[in-house]
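**Q** quick one, structure for this:
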Amino acid sequence: QVQLVESGGGLAQAGGSLRLSCVASGRTFSAYSMAWFRQGPGNEREFVAGIRWSGVSYGADSVKGRFTISRDNAKNTVYLQMNNLKPEDTAVYYCAADSTRRAISEFKPNEYDYWGQGTQVTVSS
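**A** Numbering: from 1, shown residues only. Got it, this is the predicted structure:
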């Protein structure tokens, strides 16, 4: 069983920055593909950014050039650096882990078997 604990959410002004962290329990973190999803009020959970067990990273079109995902396997931690925040980035952000080492990912929520509790990000205009 893997536990994921997010931190770093909060209130930011438009154009500002926040850095989210997600610490995972367990000894096989480097084998997991990790991702950040978000869910705004009345919206479905959507993919934000992912970093595969191979180290290759991906981002949704809506955050490219603004958000960066990274991981530190020695610390069992994945990060999401969010710059140039916009009010539409307001959501609960969730960290997720995929333990299956699948060759191809569509970055859909059902591919991820472990989830954190979420951290609120609110961006004011």
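**Q** immediately after the helix or strand of the chain with the lowest mean pLDDT, which helix or strand?
**A** Here the helix or strand of the chain ranked lowest by mean pLDDT, DSSP states H and E is strand 57-59, holding a mean of 94. Counting by DSSP states H and E, the element after strand 57-59 in chain order, helix or strand, is strand 67-72.
**Q** in that following strand, what's buried?
**A** Applying a neighbour-count criterion of 16 or more other CB atoms under 10 Å, the buried positions in strand 67-72 are Phe67, Thr68, Ile69, Arg71. No exception for glycine: its C-beta is placed from N, CA and C like everyone else's.
**Q** pull out the buried positions in the very next helix or strand once past that strand.
**A** Where DSSP H and E defines the elements, the next helix or strand beyond strand 67-72 is strand 77-82. Using 16+ other CB under 10 Å as the test for burial, strand 77-82 gives Thr77, Val78, Tyr79, Leu80, Met82.
**Q** could you dump the helix or strand following strand 77-82 to CSV, C-alpha only?
**A** Counting by DSSP H and E, the next helix or strand C-terminal to strand 77-82 is strand 91-98. Output of strand 91-98 as CSV, limited to C-alpha atoms (Å, rounded to 0.1, in the frame of the first residue of the first chain):
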residue,chain,number,x,y,z
ALA,A,91,-8.9,23.7,-8.1
VAL,A,92,-8.1,20.9,-5.7
TYR,A,93,-4.9,19.3,-6.9
TYR,A,94,-4.3,15.6,-6.4
CYS,A,95,-1.1,13.6,-6.6
ALA,A,96,-1.5,10.1,-8.1
ALA,A,97,0.8,7.1,-8.6
ASP,A,98,0.7,4.3,-11.2
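**Q** strand partners (parallel or antiparallel) of the helix or strand following strand 91-98?
**A** If you walk from strand 91-98 toward the C-terminus, the next helix or strand you reach (DSSP H and E) is strand 114-115. Under the criterion DSSP bridges, strand 114-115 sits next to strand 91-98 (antiparallel) in its sheet.
**Q** lovely, talk soon.
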